[in-house]
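Asker: Everything below, folded, please.
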Amino acid sequence: MTMLTAALLILLSMPLCASLAGTVVWVAHRNETADDNDLLKTFLIALMVAMAILWSLSRTDAVRMRLNPELRMEAEIRNNAVYAAVEQFAPSDAKTLWTFLGARMARGETLSQALLEARTFLTRSINEHLGFADQKSRLVWGRVAVGTLEELQARDPALCYRFMATQTLDEQESIHALSAENTAAFQAAVVQLYRATNEGMQRRGLADGDVHVDFNDAAREFGAIQEDIEKEFGKAAADVVGHKELPLAPAVSPDAACSARIFQLQAMLKRPQGKAALMIDSVLR
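Answerer: Residues are numbered from 1 along each chain as shown. The predicted model follows:
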């Protein structure tokens, strides 16, 4: 509770409590002839009880958050599933996310809007640690990536390619470019991936359900997919999506490059789990 809010509460509570105490005195002595000392005693006791009750109510979380928007904002962030997962599994990321969300909510945005704008940060954070996640979680992340690129391409191929190359959306794009369904899938995947990458950092060997993958076999599968991309979209498009770093100005149209990446990810997701997870990691991380 801020000092100003506390001062206002004290100023407003006194006349309220006095009115309640006066009512108690009237009810208690309305049919009696009482001297001033008795009336004063009853009034003071009722006043103290009323002030004690009001003060106790003012200290409850519900009232404190109603009186103090900052406390309400903090509680809303802490109760959010995405933030809770980041705080639990990546404390350093949580500090950055807390500052980001708090700053945007302080300027009047809802938590939902602030989380949409945090998508760039969350995407980059997951991608950086994707290699630690179990194979099934990586496939979940790959499917979210496909859905995201498909929606961005339908909206604006140039936006789709820029997201491919930089993994960034500006604030307005984050809020308006993607559907509620995509946002829900993304946020669910973020919760899963933060848990999975944290567990992977502490684990030795494969996770339960993971399968051993020969790197050379996965490389051959990647080459076969690249050949299919070249047949479908041309060598230039295959070259663009075949490299780890994507150029800001591709040799093909943004639409062709985006289509080639979507095709690439979908083809990878159709491969056996281990190979698919390794290839998804190689192109997204």
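Asker: Could you list the alpha-carbon positions for the helix or strand harbouring residue 231 in CSV?
Answerer: Assigned by DSSP states H and E, residue 231 belongs to helix 215-233. The C-alpha trace of helix 215-233 is given here as CSV (Å, rounded to 0.1, in the frame of the first residue of the first chain):
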residue,chain,number,x,y,z
PHE,A,215,24.2,-37.9,-36.5
ASN,A,216,25.2,-39.1,-40.0
ASP,A,217,21.8,-40.7,-40.6
ALA,A,218,20.1,-37.4,-39.6
ALA,A,219,22.4,-35.5,-41.9
ARG,A,220,21.4,-37.8,-44.8
GLU,A,221,17.8,-37.2,-44.0
PHE,A,222,18.4,-33.4,-44.0
GLY,A,223,20.1,-33.7,-47.4
ALA,A,224,17.1,-35.6,-48.7
ILE,A,225,14.7,-33.0,-47.5
GLN,A,226,16.9,-30.3,-49.1
GLU,A,227,16.7,-32.1,-52.4
ASP,A,228,12.9,-32.2,-52.2
ILE,A,229,12.9,-28.4,-51.4
GLU,A,230,15.0,-27.8,-54.5
LYS,A,231,12.6,-29.8,-56.7
GLU,A,232,9.6,-28.0,-55.2
PHE,A,233,10.9,-24.4,-54.9
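Asker: Show me which positions of that helix end up buried.
Answerer: Applying a neighbour-count criterion of 16 or more other Cβ atoms under 10 Å, one finds 218, 221-222, 225-226, 229-230, 233 buried in helix 215-233. Using the backbone N, CA and C atoms, a C-beta is placed for each residue, glycine as well.
Asker: and it, what does it pack onto?
Answerer: The elements that helix 215-233 packs onto, with contact taken as 3 or more Cβ pairs under 8 Å, 6 or more residues apart in numbering; DSSP states H and E, are helix 235-241, helix 254-269, helix 273-284.
Asker: For the closest residue to residue 89 other than its chain neighbours, give its distance to residue 192.
Answerer: With sequence-adjacent residues excluded and distances taken as Cβ to Cβ, 6 or more residues apart in numbering, residue 89 is closest to residue 198, at 3.8 Å. Note on residue 198: its distance to residue 192, by Cβ to Cβ, to the nearest Å, is 11 Å.
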